[in-house]
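1. Pasting the sequence and the predicted model now:
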Amino acid sequence: MSTKSAQGKGNGNSKKPASPAVNLIAGGGAGMMEALVCHPLDTVKVRMQLSRRARAPGVKPRGFVATGVEIVKKETALGLYKGLGAVLGGIIPKMAIRFTSYEWYKQMLADKETGHVTSKATFLAGLSAGVTEAVAVVNPMEVVKIRLQAQYHSLADPLDTPKYRSAPHALFTVIREEGFSALYRGVSLTALRQGTNQAANFTAYSELKAALQRWQPEYADTQLPSYQTTVIGLISGAVGPFSNAPIDTIKTRLQKTRAEPGQSAVSRIMAIANDMFKQEGARAFYKGITPRVMRVAPGQAVTFTVYEFLKGKLEKSNWAFVGGSFEE
């Protein structure tokens with residue numbers, strides 16, 4: 001299996017972007033595969049970020065393996081997949097928006113005469129695509145997902161009834177009890193996280209792909225082998241989490257709790273950050289970084305590999321979206 005880069009070469013590419021229909025199918029399929037493979041690590045990450053084990057003498061922070069084992073022991077293996085419904089429900093529009101908006105922003109920032117796309121333009125296109133997907137899909141999806149993942153009830157005990165029974169029930173309950181605006185709690189942090197993630201992700205991916213094409217002239221104008229796409233997707237996916245881990249941890253705690261009357265978003269963010277530092281130390285801002293990297297990096301490797309494979313197949317078969325229906 002070989003792949004074609006969604007980014008194009010780091011030194012510029014004027015190729016016509018894939019159609020929204022292709023992005024919907026390829027991006028949705030890639031996103032579903034990524035979620036199914038990596039969601040357990042995201043659940044462990046969220047539990048670690050919500051942990052408030054203080055810096056007491058003799059008390060060590062629970063590691064990601066111990067956290068995962070505890071979840072399985074108390075809630076069965078299905079506990080690792082809490083919130084998966086919310087993720088799957090938003091993954092298709094999320095990926096469609098990500099790749100479609102990225103290509104649109106990239107073409108808008110390209111040189112009008114030559115079609116050349118600079119590294120700066122790639123970074124800005126990735127940043128804009130991340131913010132777009134955060135506002136349109138990611139934040140509401142994550143509020144629901146985190147509420148489900150934060151529940152400590154046992155799935156093995158039928159009498160242990162959770163507050164949120166499913167993603168739709170959690171969505172309805174949050175809106176009914178806290179209002180529609182609750183779905184956008186922490187949206188500024190989510191937009192900042194997604195924007196920096198995709199800016200780093202797309203830029204690193206494009207530059208690594210361009211470097212591989214320079215080192216391997218036989219692939220200068222063709223597809224890279226799929227294993228190489230997987231490797232550079234893995235590397236590019238690891239860049240973002242290290243750069244914005246504190247943002248993600250604060251966002252998780254902000255979205256998990258209800259808003260206090262009269263308290264602004266900025267004051268809540270500052271209160272959460274100050275409390276974390278005082279009670280748990282600077283390391284608290286990097287809680288869950290190991291499972292997050294272990295989830296995001298392989299997730300991006302899966303996403304790029306599956307997306308580009310499906311995109312290549314669809315483009316070769318000349319699929320198009322014409323008049324409201326698919327034509328081949």
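-> Perfect, I can see it now.
2. tally of neighbours for Gln107?
-> 17 (other CB atoms under 10 Å). Quick note: C-beta positions are derived from backbone N, CA and C, even for glycine.
3. Per-residue pLDDT of Glu133, please?
-> Per-residue pLDDT puts Glu133 at 93.
4. typo on my end, it should be Glu328
-> Predicted confidence (pLDDT) for Glu328: 52.
5. Please apply the same query to Thr190.
-> Listed pLDDT for Thr190 reads 88.
6. which element is it on?
-> Using DSSP states H and E, Thr190 sits within helix 187-215.
7. Likewise for Asn274?
-> helix 265-280.
8. same for that helix, what does it pack against?
-> helix 226-256 (3 or more CB pairs under 8 Å, 6 or more residues apart in numbering; DSSP states H and E).
9. coming back round to it: would you mind listing the buried residues in the helix or strand that the helix holding Asn274 is followed by?
-> Reading on from helix 265-280 to the C-terminus, the next helix or strand found by DSSP H and E is helix 289-316. For helix 289-316, a neighbour-count test (16 or more other CB atoms under 10 Å) marks 289-312, 314 as buried.
10. next one: stretch 219-232
-> Of all the residues in stretch 219-232, those buried under the rule 16+ other CB under 10 Å are Tyr219, Gln223, Leu224, Ser226, Gln228, Thr229, Thr230, Val231, Ile232.
11. if I look at Tyr205, how far off is Tyr81?
-> According to CB to CB, to the nearest Å, Tyr205 and Tyr81 sit 28 Å apart.
12. The two - which one has more neighbours?
-> Per other CB under 10 Å, whichever of Tyr205 and Tyr81 has more neighbours is Tyr205, with 25 against 19.
13. on that earlier part again, CSV for the buried residues of stretch 219-232, including pLDDT and distance to Leu254?
-> Shown next, in CSV, are the buried residues of stretch 219-232 (pLDDT from 0 to 100; distance: CB to CB, whole Å):
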residue, pLDDT, distance to Leu254
Tyr219, 83, 44
Gln223, 74, 42
Leu224, 83, 40
Ser226, 87, 39
Gln228, 92, 39
Thr229, 90, 35
Thr230, 92, 34
Val231, 94, 35
Ile232, 94, 33
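14. TSV please, covering those residues and showing distance to Glu34.
-> As requested, the buried residues of stretch 219-232 are exported to TSV (distance: CB to CB, whole Å):
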residue	distance to Glu34
Tyr219	25
Gln223	21
Leu224	19
Ser226	15
Gln228	19
Thr229	14
Thr230	12
Val231	16
Ile232	16
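15. of all these, which comes closest to Ala211?
-> Ile232 (8.8 Å; CB to CB).
16. what residue ranges in this structure score low on pLDDT?
-> Within the chain, the stretches with pLDDT under 70 are 1-18, 20, 52-59, 61, 153-160, 318-328.
17. how about the helices of the stretch 1-150 of the chain, start to end?
-> With helices called from DSSP state H, counting those that start in this stretch, the stretch 1-150 of the chain shows them at 20-50, 64-75, 84-109, 119-133, 139-149.
18. quick check: angle from the second one to helix 289-316?
-> Inter-element angle recorded for helix 64-75 and helix 289-316: 90 degrees (by axes from the mean of the first three to the mean of the last three CA atoms, to 10 degrees).
19. tell me what helix 64-75 is packed against?
-> Using 3+ CB pairs under 8 Å, 6+ apart, helix 64-75 is in contact with helix 20-50, helix 289-316.
20. Contact partners for Ala86?
-> Met141, Glu142, Val144, Lys145, Leu148, Ala167, Ala170, Leu171 (CB atoms under 8 Å, 6 or more residues apart in numbering).
21. any idea which of these is the one closest to Met276?
-> Looking across the contacts of Ala86 and measuring by CB to CB, the closest to Met276 is Glu142, at 18.9 Å.
22. Test my guess that that closest one contacts Thr190.
-> Yes: between Glu142 and Thr190 there is a contact under CB atoms under 8 Å: 6.5 Å.
23. Please enumerate the shared neighbours of these two.
-> Shared contacts of Glu142 and Thr190, defined by CB under 8 Å, 6+ apart, comprise Lys251.
24. what about Phe180, how many residues close to it?
-> Residues contacting Phe180 under the criterion other CB under 10 Å number 10.
25. Quick check on it: phi, psi?
-> Per-residue torsions, Phe180: phi -60, psi -30 (degrees, to the nearest 10).
26. Check Ala220 too.
-> As for Ala220, its main-chain torsions (degrees, to the nearest 10) stand at phi -60, psi -40.
27. on that earlier part again, adding distance to Tyr102, write the helices and strands packed on helix 64-75 out as JSON lines.
-> Listed next are those as JSON lines, based on distance: least, CB to CB, whole Å:
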{"stretch": "helix 20-50", "distance to Tyr102": "9"}
{"stretch": "helix 289-316", "distance to Tyr102": "11"}
